[in-house]
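S.K.: one predicted model, sequence on top.
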Amino acid sequence: MIHDRYIGKNIIASSLLALIVLTAIFSFFSLVDQLDDTGRGNYGVFQAIEYVLLTIPRLIYELFPIATVIGCMAGLGILANNNELMIFRISGLSKMQLAYSLIKTGLIFIIISILIGEVIAPITEQAAQQKRSVALTEQITMKSKHGFWSRDGDSYINIRKILSNEKLEEIHIYEFDKNRQLRVTIHAESAKYDNGKWLLHNILKTEISRDEIINHSYENAEWEALLNPEVINLVTIKPRYLSLYGLVNYIKHLKLNNQDNRIYMQALWLKLLNPLMILIMMLLAICIVKCDAKPTGLGQRVFMGVLLGITFHLANQVTRHLGIVYNIPIFISVAFPSILVFLYINYSLSRDY
């Protein structure tokens, strides 16, 4: 349809412009925040800029719902001020048909959002976090498919699984002498940080000399290492940074280890509901923009779009935290603001159908 293409072209242009501006603003504030860490370890201005650039895809993915509501408010507002929206309505275009036009445009945004959020952002975000952690502390030297590697004096530490910044699994420690000869290897099934020290569990210690190899087994033992929870937290990938596939696999891993997975389940539902949030924010603009009202300044409509987007984002944050604190079912805590907005949209559109 002609009106679908015309409206879609205006909405896409306005939304992309809003997305670029929002990304630039948030990236600037992110850079300012990262500059506070410059001077620590090898983390300088260049590393801070590199970190911010690598986090842009994740930022774009998170800002998509806000950008779409701003773009729709601006795009529909321009059409309304030019009386073009009124002409569409007079010619028989109902709010529901206008909603279908926006949904078609929204599908394009959803495809782009999924491509960025599931393919590009996880890769660049992981690279950003890894480069930052390596630059901030010399303890984390490398990340590979076999976990994280750290150096502590003449010892090299390999951690295969990080359940949290205070609980680890499958720890391998290799101790070398001054001649770079391997003398001791230690394998522990798990480790927990308590009272400023690591406590290893189910340990197998192997002492290597020229004449013999001696094995020792211990149930528990203290491990004094420079590796602390703050450093572990630097390399721990946050739930919202993982792809949908990565979240599903990690949730399975947490269940097998009887670990709390509610935060990761919330992140999973957010991933699944993000396309719906984009459509909801686009449709909300139809209910706000009045095609038959007096012309309203573009700045006022953009401000209204920003206000709606931020309010919706904050409402999601509040309900998610309340869900964790009060043990509210995860789907309800994540979807509650979207459900309320959807009911309002359905009521508003049904009145004009």
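M.R.: Arrived safely, thanks for sending. What you are looking at is a predicted structure, and each value in this text was computed from that prediction instead of being measured. Residues are numbered from 1 along each chain as shown.
S.K.: where do the strands of this protein begin and end?
M.R.: 140-144, 147-152, 155-164, 167-176, 182-194, 197-208, 213-223 (DSSP state E).
S.K.: sheet partners, orientation included, of the fourth one?
M.R.: Yep, that's strand 167-176 we're talking about. Strand 167-176 sits in its sheet next to strand 155-164 (antiparallel), strand 182-194 (antiparallel), going by DSSP bridges.
S.K.: export the strands of the chain to JSON lines and tack on mean neighbour count?
M.R.: All C-beta atoms are positioned from the backbone trio N, CA, C, and that covers glycine. Listed next are the strands of the chain as JSON lines, based on neighbours: other C-beta atoms under 10 Å:
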{"stretch": "strand 140-144", "mean neighbour count": "15"}
{"stretch": "strand 147-152", "mean neighbour count": "19"}
{"stretch": "strand 155-164", "mean neighbour count": "17"}
{"stretch": "strand 167-176", "mean neighbour count": "18"}
{"stretch": "strand 182-194", "mean neighbour count": "16"}
{"stretch": "strand 197-208", "mean neighbour count": "16"}
{"stretch": "strand 213-223", "mean neighbour count": "11"}
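S.K.: which one of those lies nearest to residue 239?
M.R.: Nearest to residue 239, of all the strands of the chain, is strand 155-164, at 11.8 Å by C-beta to C-beta.
S.K.: from the chain's centre, how far out does that closest one sit?
M.R.: The chain centre lies 23 Å from the centre of strand 155-164; the measure is C-alpha atoms, centre = their mean, to the nearest Å.
S.K.: repeat for stretch 169-178
M.R.: Relative to its chain's centre, stretch 169-178 lies at 33 Å (C-alpha atoms, centre = their mean).
S.K.: to residue 245, which of the strands paired with strand 167-176 lies closest?
M.R.: Closest of those to residue 245 is strand 155-164, at 17.8 Å (criterion: C-beta to C-beta).
S.K.: any idea which of the strands paired with strand 167-176 scores lowest on pLDDT?
M.R.: Lowest mean pLDDT within the strands paired with strand 167-176: strand 155-164, a mean of 80.
S.K.: returning to that earlier point: turn the strands paired with strand 167-176 into CSV, including distance to residue 56.
M.R.: Converted to CSV, the strands paired with strand 167-176 look like this (distance: least, C-beta to C-beta, whole Å):
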stretch, distance to residue 56
strand 155-164, 26
strand 182-194, 34
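S.K.: out of those, flag the one nearest residue 208.
M.R.: Closest among the strands paired with strand 167-176, using C-beta to C-beta: strand 182-194, at 5.6 Å.
S.K.: tell me the angle the closest one makes with strand 213-223.
M.R.: 30 degrees (axes from the mean of the first three to the mean of the last three C-alpha atoms, to 10 degrees).
S.K.: what comes up buried for stretch 278-294?
M.R.: Across stretch 278-294, burial judged by 16 or more other C-beta atoms under 10 Å covers 278-289, 291.
S.K.: so which residues of the chain form helices?
M.R.: Per DSSP state H, the chain carries helices over the ranges 2-35, 45-81, 84-90, 95-115, 121-136, 229-235, 244-256, 262-288, 298-325, 330-350.
S.K.: one step back: least confident pick among the buried residues of stretch 278-294?
M.R.: Among the buried residues of stretch 278-294, residue 291 has the lowest pLDDT, at 53.
S.K.: need the contact list for the residue lying closest to residue 10 once chain neighbours are set aside.
M.R.: Nearest in space to residue 10, with sequence neighbours left out and distances taken as C-beta to C-beta, 6 or more residues apart in numbering, is residue 75 at 4.2 Å. Applying C-beta atoms under 8 Å, 6 or more residues apart in numbering to residue 75 gives the contacts 7, 10, 11, 13, 14, 15.
S.K.: for residue 350, see how far away residue 75 is.
M.R.: 23 Å (C-beta to C-beta, to the nearest Å).
S.K.: what bridges to residue 147?
M.R.: Assigned bridge partners for residue 147, using DSSP bridges, are residue 144.
S.K.: surely it meets residue 169?
M.R.: No. Using C-beta atoms under 8 Å, residue 147 makes no contact with residue 169, being 9.6 Å away.
S.K.: what touches both of these two?
M.R.: 160, 161, 162.
S.K.: pLDDT weak spots in the stretch 1-150 of the chain?
M.R.: 1, 137-146 (pLDDT under 70).
S.K.: how far away is the spatially most central residue of the chain from residue 125?
M.R.: By C-alpha atoms, centre = their mean, the mean C-alpha position of the chain lies nearest to residue 240, the distance being 2.9 Å. Distance from residue 240 to residue 125, counting by C-beta to C-beta: 9 Å.
S.K.: just so I know, which of the strands of the chain lies nearest residue 99?
M.R.: strand 155-164 (44.0 Å).
S.K.: next one: the residue of the chain positioned farthest from its centre from residue 178, what distance?
M.R.: Within the chain, the residue lying farthest from the chain centre (C-alpha atoms, centre = their mean) is residue 211, at 53.1 Å. Look at residue 211 and residue 178: by C-beta to C-beta, they are 19 Å apart.
S.K.: check residue 61 too.
M.R.: Relative to residue 178, and taking C-beta to C-beta, residue 61 is found at 50 Å.
S.K.: okay, those two: which has more neighbours?
M.R.: For residue 61 versus residue 178, the count of surrounding residues by other C-beta atoms under 10 Å is larger for residue 61: 23 against 6.
S.K.: circling back: what would the buried residues of stretch 278-294 look like in JSON lines with distance to residue 26?
M.R.: JSON lines is the format used below for the buried residues of stretch 278-294 (distance: C-beta to C-beta, whole Å):
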{"residue": "278", "distance to residue 26": "18"}
{"residue": "279", "distance to residue 26": "23"}
{"residue": "280", "distance to residue 26": "22"}
{"residue": "281", "distance to residue 26": "17"}
{"residue": "282", "distance to residue 26": "21"}
{"residue": "283", "distance to residue 26": "25"}
{"residue": "284", "distance to residue 26": "22"}
{"residue": "285", "distance to residue 26": "21"}
{"residue": "286", "distance to residue 26": "27"}
{"residue": "287", "distance to residue 26": "27"}
{"residue": "288", "distance to residue 26": "24"}
{"residue": "289", "distance to residue 26": "26"}
{"residue": "291", "distance to residue 26": "32"}
